[in-house]
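Visitor: generate a structure from the sequence data that follows.
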Amino acid sequence: MLFNSIEYLLFLPIVFAVYWAIGYARINDSLKLRLQNAFVVIVSYVFYGWWDWRFLILIAFTSLSSYASGILIERGKQKHGIPQSPTSDFPSIDLQSAREQTPGQTTAQSCTADTLPDTSQKHASLTKNIKNINSAKAWMITNIVINLGILAVFKYYDFFVTEFITTFFPESLQPSLVNSFTLKIILPVGISFYTFQALSYSIDVYRGNIKPTKDIIAFFAFISFFPQLVAGPIERDTNLLPQFLLKRTFKYEQGVDGMRQILWGLFKKIVVADNCALYVDQVWATHDTQSGSTLLLAAILFTFQIYGDFSGYSDIAIGTAKLFGIKLMRNFNNPYFSRDIAEFWRRWHISLTSWFRDYVYIPLGGSRPNVVYSVWCTVEGKKKLIIARNVMIVFLICGLWHGANWTYLVWGLYNVLLFLPLIQLGKSKRYKDSPLIWQQLPQMLLTFVLVTIGWIIFRAPSLAEAWDVVCHICSGTLWSAPYILPMQEMLFLAIGIVVMMGVEWLQRNEDHGLVLDGMNSRLLRYAIYIVLITMMLWNGEPGDAFIYFQF
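Guide: Numbering: from 1, shown residues only. The predicted structure follows:
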């Protein structure tokens, strides 16, 4: 079920009405909460099963295995009353207690046979503790392997098998081998998103960041919450799960803000993204016959398309969640106003980049690795090499997360090449928390150009096609007049992009483009709503699937 579809337009108000009817029913709060959560699970499964009911088996299995793993991890940690540090794999052992002396006792007396600690007993206790922690770790790893295994089979198996066959077998045998050894299975919508959300729960329970819940209904709601189920934000258990364990009340101001954010997301999707797609898809399908100027224009429009599409989805998801009294994390923070590539990745798909930071980058050592002196390299030099390695690993995994294609890996590597100079020069955080000002427009434009080049790689179905597009753009035909759509369509598209970027610049310090709390004129607010809705109805292209559904 698409957010920009008639089905969803009917689905949402019905779900909203029933949900809050349960919330205000005259029953005790505990039962009310469980019924609300159960209803969320049911409607989320209806929403997800709208594509293919068989997908429900996978998400139910992922939810059940992750729920069980949390309980088993905690049981493994607490079986013998072991305190667990959130940042350590082993329990804290108080070595000082073994050296305690009774009052008035001398050092010599404390070392007599009568006062020495029972080392055999303490060794046996420590062995039990370590085994217990190892069992908790084993349950965490088991859940990670299970869920990543499912993701690998559905998303990557056919690709790597095909690549292996085409690389190592004669061309005459390749078709039959590919047909025999590939599974040809449909990629479940949003599997990468809910898998990562489930993985973070197991890891956080193991780290001690959160206690496992025994409320299976609340946990299933946490994994399957329909607004963010298929394309994020990738929520954290520490933020979303506790909200399903607490009583929720409808707040009018929150509901109004949610409706405004939904409207803004639909505008970005229908007016900007879907209209950009008309031009981009048409040009890309015949890229080998297009001029460099036309391909450059298509690349720029794809840059706006993917932003309008993905950030639009996130706005709709976050706004919808507000209608149900749920607060989701922000996923985009005006990324095209970034002044370097490091800032771009702090503002783009925030839920994914922060996930990689917390569960991959920092465990690898992050930007502060423990480094010892080496004869072949200074401590500072070795530190920079380790940081470069960590950055490369994160971006390559990030590329692979997006899909089974070499273009995504090369796109990840391209971002590594842009990111590393900032890391090595110590400038990766120079714009962190600094306000956006128009005087920095040159830096923003340069970053926009670099990001657009990356999107060419991302958009291309193959590396050969990406290279061909770049070569065409760099040819002499770059200076020719580009192909354009009929003037009315191009003008409408340009107005849509200008409105989107202009509003987000003016609202750059707000959570989304339609935060209108300070606007006292009701007439002006309704005029804004009417203009946006009119643009969507006049020349919008409703019904197109969101780009990130394929990931």
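
Visitor: look up the closest residue to Val18, ignoring the ones flanking it.
Guide: Distances taken as Cβ to Cβ, 6 or more residues apart in numbering place Phe39 nearest to Val18, at 6.5 Å, with adjacent residues excluded. Where C-beta positions appear, they are placed from N, C-alpha and C, glycine not excepted.

Visitor: surely that neighbour touches Gly23?
Guide: No. With contact defined as Cβ atoms under 8 Å, Phe39 does not count as touching Gly23 (9.7 Å).

Visitor: neighbours of Leu35, how many?
Guide: 16 (other Cβ atoms under 10 Å).

Visitor: so it makes contact with Ile22?
Guide: Yes. Leu35 is in contact with Ile22 according to Cβ under 8 Å; the separation is 5.0 Å.

Visitor: assign Asn4 to helix, strand or coil.
Guide: coil (DSSP: H, G, I helix; E, B strand; the rest coil).

Visitor: and it, what are its phi and psi?
Guide: For Asn4, the backbone dihedrals (degrees, to the nearest 10) come out as phi -100, psi 50.

Visitor: next one: the one 10 residues further on
Guide: Note on Ile14: its backbone torsions stand at phi -70, psi -50 [degrees, to the nearest 10].

Visitor: who are the contact partners of it?
Guide: Taking Cβ atoms under 8 Å, 6 or more residues apart in numbering, we find Ile14 in contact with no residue.

Visitor: and for Phe244?
Guide: Counting by Cβ under 8 Å, 6+ apart, Phe244 touches 37, 40, 215, 218-219, 221-222.

Visitor: can you give me the mean pLDDT across the host helix or strand of Ile528?
Guide: Counting by DSSP states H and E, the element that carries Ile528 is helix 522-539. Helix 522-539 comes out with an average pLDDT of 90.

Visitor: just the CA coordinates of it, formatted as PDB?
Guide: C-alpha atoms of helix 522-539 as PDB (Å, rounded to 0.1, in the frame of the first residue of the first chain):
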ATOM      1  CA  ARG A 522      -5.300  31.500   9.800                       C
ATOM      2  CA  LEU A 523      -6.000  32.900   6.400                       C
ATOM      3  CA  LEU A 524      -2.400  32.700   5.400                       C
ATOM      4  CA  ARG A 525      -2.000  29.200   6.700                       C
ATOM      5  CA  TYR A 526      -5.000  28.000   4.700                       C
ATOM      6  CA  ALA A 527      -3.800  29.700   1.600                       C
ATOM      7  CA  ILE A 528      -0.500  27.800   1.900                       C
ATOM      8  CA  TYR A 529      -2.500  24.500   2.300                       C
ATOM      9  CA  ILE A 530      -4.600  25.300  -0.800                       C
ATOM     10  CA  VAL A 531      -1.600  26.200  -3.000                       C
ATOM     11  CA  LEU A 532       0.200  23.000  -2.100                       C
ATOM     12  CA  ILE A 533      -2.900  20.800  -2.600                       C
ATOM     13  CA  THR A 534      -3.800  22.600  -5.900                       C
ATOM     14  CA  MET A 535      -0.300  21.900  -7.200                       C
ATOM     15  CA  MET A 536      -0.600  18.200  -6.300                       C
ATOM     16  CA  LEU A 537      -4.000  17.900  -8.000                       C
ATOM     17  CA  TRP A 538      -3.200  20.100 -11.000                       C
ATOM     18  CA  ASN A 539      -0.200  18.400 -12.500                       C
END
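
Visitor: look up the closest residue to the residue most central in space within the chain, ignoring the ones flanking it.
Guide: Centroid-nearest residue in the chain, with Cα atoms, centre = their mean: Leu352, separated by 2.8 Å. Using Cβ to Cβ, 6+ apart and skipping the chain neighbours, the partner closest in space to Leu352 is Ile234 (5.8 Å).

Visitor: ditto for Arg75
Guide: Nearest non-adjacent residue to Arg75, counting by Cβ to Cβ, 6+ apart: Ala136, 8.0 Å away.
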